[in-house]
Each structure stands twice: as structure tokens, then as C-alpha cells.
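In: Sequence first, then the predicted structure:
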Amino acid sequence: MKENLLLLVSLLLGITIGAFDLAPIWLHNASLPMIILSLLVLQVGMGVGSMDNLGRMIRSIHWQMFLLPACTIAGTLLFTSLAFLFFSNHKLGDIMAIGSGFGYYSLSSVLIAQMKTITVGPAQATQLATIALLANVVRELLALFGCKYFTRKGSCFAAISIAGINSMDVCLPSILRAANDKTLVPVAVFHGIILEISIPMLIAFFCQ
């Protein structure tokens, strides 16, 4: 909750700074978001590489583990496409790009802003990036607070799937508590890693 509250405060602070034109010139550098994003992805990779059980997790990978992230991607994109019925003023590709964040609000919003600025201009690109940010934050919150409900009504795999990329970090403790099964760690972490790899490719595809 503290992290999400900090994210909300940062967003509101950024809106205020932008509205009153208080940002220094160097913050308007077009390459700055991609630099920050690259550092963020580097940090994620370092975190995965430094895991104590990384070797054991890699050895435990088998082909069935690919089914869960595949179902997460297919299910998310299917229901995201239904949103086009309510937001027909946006292109279907833009809506699909927003859904392709899988809960990774920082990565998806920056990528969408970067890619759509070229084709639709900075104003509309920023709007789409903001929607992506909020949509993926909501997904994380639903997964975080609904783990026990989704596990009871569906299964532990349902909770992992709904958590999206957050199944390997933020939502992992909640998933393990709800399922009371620590053997889910490799599945949840592998699920998150596969989604993280797929996000840039899917967003780039739908933003074209």
C-alpha cells in the first residue's frame, strides 16, 4: 500500500509540476524516460540474477509451466479487446497495448508514451500512457487484495494469473499465504518473468 500511495503522490506531483511549468529543462529531454526505463529493467534483471534459488528454479522449469503465462496473456488480451466496445473513440491497437502491461505500470506507460508520440503526438500519447498507468495499478491492487478470494473461488493459479507480472514480487507473499503452498514460488516467479519478456514485444506490436 505504501508503494502504491507513493506512486499516486508522484503522479499528482508530476501533474502539478507540469501544469505550472515548474520542471527544469533537462527533465523535458525526450530520451530521459527510456534511460530511466533501461535502468529499471537492469535492476529487475539484477534482482532475478541474485536470487538464492535461481539455479534450482531454472532446473525445475518444464514445458507445462509455459501454459500459465500463455493463458494469462490470452485471457488478458481477450477481455481487453472487449473494452473496445466501451471505448470506441480509441483504436483497438491502443487499447490492446494498454492491456499488454500485465500489471507492470511503469514499463507499459513509458513504452506507450515513447512509441505513440511518434504517430499521434505527445498529448494523446501521454493520455494513453496515463490510462495504462492507472489500469495496471488497478490490476495490481485487485490482485494484492483479492488473492485469498481468487484462490478460494478459482485456484492458486487463478491468483497468479490475475497478479500478472506482480506474481514474482509484490503479490507473491499474498499468493503464498492464500494458497499455503511454498512450492508455488518457481511457478509464480517463472510466470512473472515470461510476462515481463512479452510486454515490450506485445506493446510494440499493438502500437504499430
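Out: Received the coordinates, thanks.
In: can we go C-alpha only for contacts and neighbour counts from here?
Out: OK.
In: now I203: how far from I197?
Out: Computed as CA to CA, to the nearest Å, the I203 to I197 distance reads 11 Å.
In: how about the helices in the chain?
Out: 2-19, 32-49, 54-59, 67-82, 92-99, 105-120, 122-153, 156-163, 172-179, 185-207 (DSSP state H).
In: So which of the ones you listed is the most surrounded?
Out: Among the helices of the chain, ranked by average contacts under mean count of other CA atoms under 10 Å, first place goes to helix 156-163 (a mean of 25).
In: Against which helices or strands is that helix packed?
Out: Applying 3 or more CA pairs under 8 Å, 6 or more residues apart in numbering; DSSP states H and E, we find helix 156-163 packed against helix 67-82, helix 122-153, helix 172-179, helix 185-207.
In: export those to CSV and tack on mean pLDDT and distance to I35?
Out: Shown next, in CSV, are these (pLDDT from 0 to 100; distance: least, CA to CA, whole Å):
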stretch, mean pLDDT, distance to I35
helix 67-82, 93, 27
helix 122-153, 87, 17
helix 172-179, 84, 28
helix 185-207, 88, 15
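In: Including distance to D21, could these go into CSV?
Out: Shown next, in CSV, are the helices and strands packed on helix 156-163 (distance: least, CA to CA, whole Å):
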stretch, distance to D21
helix 67-82, 35
helix 122-153, 15
helix 172-179, 40
helix 185-207, 29
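In: how about those helices, which one is nearest H90?
Out: Shortest distance between H90 and the helices and strands packed on helix 156-163, using CA to CA, is found for helix 122-153: 9.3 Å.
In: tell me the angle of the closest one relative to helix 156-163?
Out: Orientation of helix 122-153 against helix 156-163 (axes from the mean of the first three to the mean of the last three CA atoms, to 10 degrees) gives an angle of 170 degrees.
In: Now do helix 122-153: distance to the chain's middle.
Out: Its chain's C-alpha centre and that of helix 122-153 lie 8 Å apart, by CA atoms, centre = their mean, to the nearest Å.
In: what do you get for stretch 178-191?
Out: Worked out by CA atoms, centre = their mean, stretch 178-191 lies 19 Å from the chain centre.
In: Kindly report the same for stretch 74-87.
Out: Computed by CA atoms, centre = their mean, the separation of stretch 74-87 from the middle of its chain amounts to 16 Å.
In: who's in contact with it?
Out: H90, K91, L92, I95, M96, G99, S100, F102 (CA atoms under 8 Å, 6 or more residues apart in numbering).
In: same question, stretch 98-110
Out: Looking at stretch 98-110 with CA under 8 Å, 6+ apart, the contacting residues turn out to be 33-34, 37, 73, 76-77, 80, 112, 128-137, 139-140, 163-166, 195-196, 199-200, 202-203.
In: about what we covered before: let me have the contacts of stretch 74-87 in a markdown table, extended by distance to C147 and pLDDT.
Out: Output for the contacts of stretch 74-87, formatted as a markdown table (distance: CA to CA, whole Å; pLDDT from 0 to 100):
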| residue | distance to C147 | pLDDT |
| --- | --- | --- |
| H90 | 32 | 82 |
| K91 | 32 | 88 |
| L92 | 30 | 91 |
| I95 | 26 | 92 |
| M96 | 25 | 93 |
| G99 | 20 | 92 |
| S100 | 21 | 93 |
| F102 | 16 | 92 |
